[in-house]
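>>> Attaching a predicted model along with its sequence, questions to come.
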Amino acid sequence: MTDILSNKINRIKPSLTVSINIKANAMRAEGKDVLVLAAGEPDFDTPKNIQNAGINAIKNGDTRYVPGKGTKNLQEAIINKFKRDNELIYEKDEITVAVGGKNIIYNAFMATINEGDEVIIPAPFWVSYPDITLLADGKPIIVKCDEENDFKITPDQLEKNITDKTKWLMLNSPSNPTGSTYTFSELKEIASVLIKFPNVLILTDDIYEKIIYENNKFYTLAQVEPKLKNRTLTLNGVSKAYCMTGWRLGYAGGPKNIIAAMNKIQSQSTTSTSSITMAASVEALNGNQDFIIAHNVEFKKRRDMVVKNLNLAKGISCSLPTGAFYVYPNCQGCLGKKTEKGKIINSDEDFMNYLLETEGIAGVHGEAFGMSPYFRISYAASYEILEDACKRIINACEKLI
Ligand code: PMP
Ligand code: GLU
């Protein structure tokens, strides 16, 4: 029988971050001693005021179809958020809402990419960028960004990779999986390249905006260079800052024509995210923000402990991330070594399989994010679990010969 599936679907793979996480949690549920550090979500509950806004929405009958681009209250909350936090002024027809940040990227690429259009994706990247590009018939152009440059794209690298087919540049800061954050001046330099190429659109994925440490300050491209605002889609969402991964809401500000096209796709696909989620997100964006500070204090404690301990593991070096809740350690020093069972560790994937099999550590290998030999550990887990995990990793590395 000929393949019944579409060329599009045969081009892509399932999200590895989603599948590894599901597999590791299933192993735990079967009673296996597995520490799941693969999660891309905060381990804190959705704050009470936001939960209650959702419950009240159900009780008050906010349970019917709502506009995909957001209810009036949500649109106002998003406009105020962009103004308050990012000095970005958007009109109502310049913002949209979707079923998560992932769905914003999907709608944007479906709305704009023609066959063969290129999307520049700095690596390490969040796993979904290349596959959503492929689904939209685009061509991912992966640009490897050195650890020495904090895994960030340089203006030179960017300029070299722009062609007359470049449709989008993806920028993600703070980054998943590295936790790196672009500074104001780094964004300004990137902007100075982009100004020379007026046909390039930019998608800035700001979903980890609020999870940032020490004196690092978050900036987004359209704020740093207002001349780029008319071709930048500024993506954000409630999943990470407000611990609402399961509620499914992302939003974006951008040029009217792109926003209208994204709304058209949404109207013929998901219609909208849930009315209840929209009501809860209004409270998230407008309500008290103090818990974010408390969460970051906790995340920072864990980050410092994890980085310190991973640097004690033989063959591993781990730099200190400035944002998000991931570390991206280098495991070059473990490659070529042999396990007790006589298996040679040839790649970061072998290393992660070894950690899972011998120590019950579930993280994600670097190749999934387009850059080896590294691995991603999420520290959105309790301090005790992370301490235990570090001990196990140190032990596993010690045993390699
Ligand atoms: N961008 C990045 C970099 C992410 O890590 C995530 C988390 N999955 C998303 C976008 C999308 O998140 P969501 O769809 O839950 O809003
Ligand atoms: N963004 C998270 C992660 O990288 C959640 C999973 C996903 O949507 O890919 O693990």
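Structure received. Ligands and ions are numbered 1, 2, ... in the order given.
>>> Could you measure from the residue of the stretch 1-150 of the chain found nearest ligand 2 over to ligand 1?
Using C-beta to the nearest ligand atom, residue 40 is the residue of the stretch 1-150 of the chain that sits closest to ligand 2, at 2.0 Å. The C-beta positions use only the backbone N, C-alpha and C, and glycine is treated the same way. For residue 40, the distance to ligand 1 equals 5 Å [C-beta to the nearest ligand atom, to the nearest Å].
>>> What pLDDT does the model give that residue?
With respect to pLDDT, residue 40 scores 88.
>>> did I read that right, it in a strand?
No - counting by DSSP: H, G, I helix; E, B strand; the rest coil, residue 40 is not part of a strand but coil.
>>> Look up the closest residue to it, ignoring the ones flanking it.
Leaving out its chain neighbours, the residue that sits closest to residue 40 by C-beta to C-beta, 6 or more residues apart in numbering is residue 17, at 5.4 Å.
>>> Please name the residues that touch the one you found.
38, 40, 126-127, 364, 368 (C-beta atoms under 8 Å, 6 or more residues apart in numbering).
>>> Of those residues, which is the most crowded?
residue 364 (29 neighbours; other C-beta atoms under 10 Å).
>>> Quick one: name the residues of this structure near ligand 1.
Within the chain, the positions lying close to ligand 1 (C-beta under 6 Å from any ligand atom) are 40, 100-102, 126, 172, 176, 205, 207, 237, 239, 245, 250.
>>> Pull out the buried residues from those.
Buried by 16 or more other C-beta atoms under 10 Å: 40, 100-102, 126, 172, 176, 205, 207, 237, 239, 245, 250, out of the residues of the chain next to ligand 1.
>>> Now flag whichever of the contacts of residue 17 is closest to ligand 1.
residue 126 (3.8 Å).
>>> Quick check on the closest one: phi, psi?
Phi and psi for residue 126, reported as degrees, to the nearest 10, are phi -70, psi 130.
>>> any idea which element the nearest residue to it once chain neighbours are set aside lies in?
Spatial nearest neighbour of residue 126, chain neighbours left out: residue 176 (4.6 Å); criterion: C-beta to C-beta, 6+ apart. When elements are assigned from DSSP states H and E, residue 176 belongs to no helix and no strand.
>>> which bits of the stretch 151-300 of the chain sit near ligand 2?
residue 176.
>>> Strands of the stretch 151-300 of the chain, residue ranges please.
Assignment of strands within the stretch 151-300 of the chain using DSSP state E, counting those that start in this stretch yields the ranges 166-172, 201-205, 232-237, 250-253.
>>> And the last one, what does it pack against?
Think strand 250-253. Using 3 or more C-beta pairs under 8 Å, 6 or more residues apart in numbering; DSSP states H and E, the elements in contact with strand 250-253 are helix 72-86, strand 95-98, helix 101-112, strand 232-237.
>>> repeat for the third one
For strand 232-237, the helices and strands in contact under the criterion 3+ C-beta pairs under 8 Å, 6+ apart are helix 72-86, helix 101-112, strand 201-205, helix 221-224, strand 250-253.
>>> and for it, what are the contacting residues?
Contacts to strand 232-237, defined as C-beta under 8 Å, 6+ apart, come from residues 81-82, 86, 88, 100-101, 104-105, 108, 201-207, 209, 220-222, 249-255, 258.
>>> Pairing partners for it, with directions?
strand 201-205 (parallel), strand 250-253 (antiparallel) (DSSP bridges).
>>> Which parts of the stretch 1-150 of the chain are helices?
For the stretch 1-150 of the chain, the helices defined by DSSP state H, counting those that start in this stretch cover 7-11, 16-29, 48-59, 72-86, 101-112, 128-135.
>>> still on that earlier bit, list the contacts of the residue nearest to residue 126.
Residue 176 is in contact with 40, 126, 207-208, 324, 326, counting by C-beta under 8 Å, 6+ apart.
>>> next one: phi and psi at residue 377?
Main-chain dihedrals, residue 377, degrees, to the nearest 10: phi -120, psi 130.
>>> now it: how far from residue 35?
Using C-beta to C-beta, to the nearest Å, one gets 10 Å for the distance from residue 377 to residue 35.
>>> who has more neighbours, the two?
Neighbours were counted for residue 377 and for residue 35 using other C-beta under 10 Å; residue 377 has more, 28 against 23.
>>> Quick check: beta-bridge partners of that one?
residue 327.
>>> That one reaches residue 331, doesn't it?
No - Residue 377 is beyond contact range of residue 331, at 11.1 Å (criterion: C-beta atoms under 8 Å).
>>> show me the contacts for the residue in the chain that ligand 1 sits nearest to.
Closest contact between the chain and ligand 1, by C-beta to the nearest ligand atom, is at residue 100 (2.7 Å). With contact taken as C-beta under 8 Å, 6+ apart, residue 100 is in contact with 237, 239, 248-250, 273.
>>> Of the residues you listed, which is the nearest to residue 350?
Nearest to residue 350 among the contacts of residue 100 is residue 239, at 31.3 Å by C-beta to C-beta.
>>> Which residue, neighbours along the chain excluded, lies closest to that closest one?
residue 245 (4.5 Å).
>>> Isn't that neighbour up against residue 41?
Yes - using C-beta under 8 Å, residue 245 is in contact with residue 41, at 4.1 Å.
>>> the bottom helix or strand of this structure by mean pLDDT?
Here the helix or strand of the chain ranked lowest by mean pLDDT, DSSP states H and E is helix 16-29, holding a mean of 87.
>>> residues of it that come out buried?
Quick answer for helix 16-29 (16+ other C-beta under 10 Å): 16-17, 20-21, 24, 27.
>>> Let me know the closest of those residues to residue 393.
Using C-beta to C-beta, the buried residues of helix 16-29 come closest to residue 393 at residue 24, 15.1 Å.
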